[in-house]
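Chemist: Give the three-dimensional model of this entry:
(chains A and B)
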Amino acid sequence: MRIAGKKISTGTIAVYLTVIVVTIIMLLPFAWMLSASLKLSRDVFAFPIEWIPSEPRWQNYVDIWTKIPLALFIYNTSKLTIIVTVLQLLTSSFAAYAFAKLHFPYKNTLFLGYIATIAMPWQVYMVPQFLLMREFGLNNTHLALICLQAFTAFGVFLMRQFYMSIPTELCEAARIDGMNEYQIWAKIMLPLSKPALSTLTIFTFVTTWNDFLGPMIYLTRTELKTIQIGLRMFISQYSAEYGLIMAASVVALIPVLIVFLALQRFFVEGVASSGIKG
Amino acid sequence: MLMGPQVLIEVRLPNCSQADIRQRGRMLVTIAHATMSDNPVQAGRKKKLRVVSKRRRRVENALIAYSFIAPNFLGFAVFTLGPILFAFALAFMHWDGSNPITFAGLDNFWRLFEDKAFIDALWNTIVFTVVSVPATLACALGLAILLNQKIFGRDFFRTAMFFPYVASLVAVAVVWNMIFNPEMGPVNMILYTLGIAPENLPGWAADRHWAMVTVILFGIWKSMGYYMVIYLAGLQGINSELYEAAGLDGANAWQKFRHVTLPQLAPTTFFVTVMLTIQSFKVFDQVYMITQGGPGTSTLVLVYHIYNEAFISWDLGYSSMISLVLFFLVLAVTVIQFRRQKED
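Modeler: Residues are numbered from 1 along each chain as shown, chains lettered A, B, ... in the order given. Have a look, this model is predicted:
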């Protein structure tokens, strides 16, 4: 077959067709969400689907802010997500440097402690963890969620795998130059580990922003709730207000979309180089 | 200080090969050695270091290393390791969270066999895992192979496939429920226009027989993009000479896939299988959002049962016993996978 003077094989056409169809399936729910967010609730299920509403109802995006304390939920979630992500990046890369480049007693034992818990589902120990937090007086605080999400074995493991691929000669050279270990970490390892840091940022940001079970267990007071719990509350309170629910969902998606698009070019590289592919 | 650090920062990992970096690292060491004697501060420091006993230096080095690990490890030990050990102990106790703890022996264990909801939950979790792991894996691998080719708009397609994975679960689950709404949702509307009689239309989340299908479809849609990215990384690690050699031997596309791609991807497939299995065993959020475990117990899964027993019934000992079952399931599957990979 010839298109625009170029010979194109049927194989290529099949590849494009498959990719386009799958992409449409992947994105259709989002298109539907966006479209429904601009409709009156009674028009949401009209069939055939009117993808672009003839009279877009922007009022939905105004109303959601007053029906539930959406701004407060977003503030709470942003606060939690940023603190958790920063703590995670700092403490993980810090610990990973020691595991990858320094020698000390019980190194392997300690690292094994981390590895052993990676495969351990959080759900296995969420109950005792909750009891412990309650003992510390931390239930119904954001600090509880920060504590349980900021120090993961996964973060240490991911950063350590990446640091292992950085030649030790670099650290040795820097040591001879008179740098101490903290300077080596800050001035050599950190700048070199951008792909791994980006990967960890995406993972941590997305996990914390979208976390549901954690906030559901720990936060019962409305003023502390995160966007996911708030959205869920909204859905059960106004179950028939489809247009509003969709508008609130779109708002909840936007921050993740921004972070993801900003960092996604690092992602494949990060996954590949940090060795989490196994 | 020497020029060292500035030079070092310029070394960009992804742009040069490992050997290249090693070479540059060695060069820097040489430069550093050569210039060191000109630097009185360095020379003085070196002399002082020699005086310090070997043992003291080892202690100092260990302390520095521990200072790196401490911030993370303290948090990890208190909030993860501690609760894990506590979970194992709690499985053999009776506790409602407020009255004193009493020792239960194997009471909680025997209760598992009489608990109809637990058996349903275990069965549902296994069904969910057995169906969704191979399905997600196949979709992810297929997509990765398609998107590893040089096609127009490749980055856009990759991003689009990955997006459901990062999207908020609450938001996409509510859309999913609307789209699959049995009476008004577009999916059933389309099936109806295609000529399926109204009484034969699937009831999706509201129907005992379709509820699990709905949850599984949602899971595949949500997570396959992530595993596709991992497969892409694996595919990029395959040496292209292998394909050239296979081509010279007259292999067709399928033979290349069967005899080059699949074996080369074995470590990636191992990783993806283990990850997917663990994810499937601990599924909760999507079930909670889409079916609330129902109708009846048709989509009740293990973590849902743990959640109910702990935070609804406050039967903390028993819920920890179910956690223990979950733990041993995950452990068993991981060990079996490891064995199989070693045999290969």
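
Chemist: What's the separation between the residue nearest the centre of chain B and B:L137?
Modeler: For chain B, the residue nearest the mean C-alpha position is B:M275 (4.4 Å; C-alpha atoms, centre = their mean). For B:M275, the distance to B:L137 equals 10 Å [C-beta to C-beta, to the nearest Å]. Using the backbone N, CA and C atoms, a C-beta is placed for each residue, glycine as well.

Chemist: likewise A:P255?
Modeler: From A:P255 to B:L137 the distance is 30 Å (C-beta to C-beta).

Chemist: Also A:W58?
Modeler: Distance, A:W58 to B:L137, by C-beta to C-beta: 43 Å.

Chemist: Neighbour count: those two, which is higher?
Modeler: Neighbours were counted for A:W58 and for B:L137 using other C-beta atoms under 10 Å in any protein chain shown; B:L137 has more, 18 against 11.

Chemist: Output the below-cut-off pLDDT ranges for chain A.
Modeler: Filtered on pLDDT under 70, chain A yields the residue ranges A:1-7, A:119, A:267-278.

Chemist: Which residue, other than its chain neighbours, is closest to the most centrally placed residue in it?
Modeler: Central residue of chain A (C-alpha atoms, centre = their mean): A:V206, 1.1 Å from the mean position. Nearest residue to A:V206, sequence neighbours excluded (C-beta to C-beta, 6 or more residues apart in numbering or on different chains): B:V166, at 4.7 Å.

Chemist: Next, the contact list for that neighbour, please.
Modeler: A:202, A:206, A:210, A:256-257, A:260 (C-beta atoms under 8 Å, 6 or more residues apart in numbering or on different chains).

Chemist: repeat for B:S98
Modeler: B:S98 neighbours (C-beta under 8 Å, 6+ apart): none.

Chemist: one step back: if I look at B:M275 and B:L137, which residues touch both of them?
Modeler: Joint contacts of B:M275 and B:L137 (C-beta under 8 Å, 6+ apart) are B:Y227.

Chemist: now the strands for chain A?
Modeler: A:2-3, A:6-7 (DSSP state E).

Chemist: oh, I was asking about chain B
Modeler: B:93-94, B:102-103.

Chemist: Tell me which of the ones you listed sits nearest to chain A.
Modeler: Of all the strands of chain B, the one in closest proximity to chain A, counting by C-beta to the nearest C-beta, is strand B:93-94 (10.7 Å).

Chemist: Show me what that closest one is packed up against.
Modeler: strand B:102-103, helix B:316-343 (3 or more C-beta pairs under 8 Å, 6 or more residues apart in numbering or on different chains; DSSP states H and E).

Chemist: quick one: the longest one to chain centroid distance?
Modeler: Spelled out, it's helix B:316-343. Put simply, helix B:316-343 sits 15 Å off its chain's centre (C-alpha atoms, centre = their mean, to the nearest Å).

Chemist: Quick check: which helices or strands does that helix pack against?
Modeler: helix A:122-135, helix B:82-90, strand B:93-94, helix B:107-114, helix B:116-147, helix B:266-281, helix B:302-307.

Chemist: And the first one, what's buried?
Modeler: Taking 16 or more other C-beta atoms under 10 Å in any protein chain shown as the basis for neighbour counts, the residues of helix A:122-135 that come out buried are A:122-133.

Chemist: Burial-wise, tell me which of the strands of chain B comes out on top.
Modeler: Highest mean neighbour count of those: strand B:93-94, a mean of 18 (counted as mean count of other C-beta atoms under 10 Å in any protein chain shown).

Chemist: partners of that strand in the sheet?
Modeler: strand B:102-103 (antiparallel) (DSSP bridges).

Chemist: what mean pLDDT does the strand it pairs with have?
Modeler: The average of the pLDDT scores along strand B:102-103 is 84.

Chemist: Lowest-scoring secondary structure element of chain B by mean pLDDT?
Modeler: Counting by mean pLDDT, DSSP states H and E, the weakest-scoring helix or strand in chain B turns out to be helix B:4-10, with a mean of 31.

Chemist: Domain-wise, how is chain A divided?
Modeler: A:2-57, A:62-273 (automatic domain parsing).

Chemist: before we move on, the earlier item: columns distance to A:C147 on top of the contacts of B:V166, output as JSON lines?
Modeler: Listed next are those as JSON lines, based on distance: C-beta to C-beta, whole Å:
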{"residue": "A:I202", "distance to A:C147": "22"}
{"residue": "A:V206", "distance to A:C147": "19"}
{"residue": "A:N210", "distance to A:C147": "19"}
{"residue": "A:V256", "distance to A:C147": "23"}
{"residue": "A:L257", "distance to A:C147": "28"}
{"residue": "A:F260", "distance to A:C147": "26"}
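
Chemist: Okay, and which of those residues map to helices?
Modeler: Members of the contacts of B:V166 lying in helices (criterion: DSSP state H): A:202, A:206, A:210, A:256-257, A:260.

Chemist: Please list all residues in contact with the residue nearest to the centre of chain A.
Modeler: A:256, A:259-260, B:165-166.
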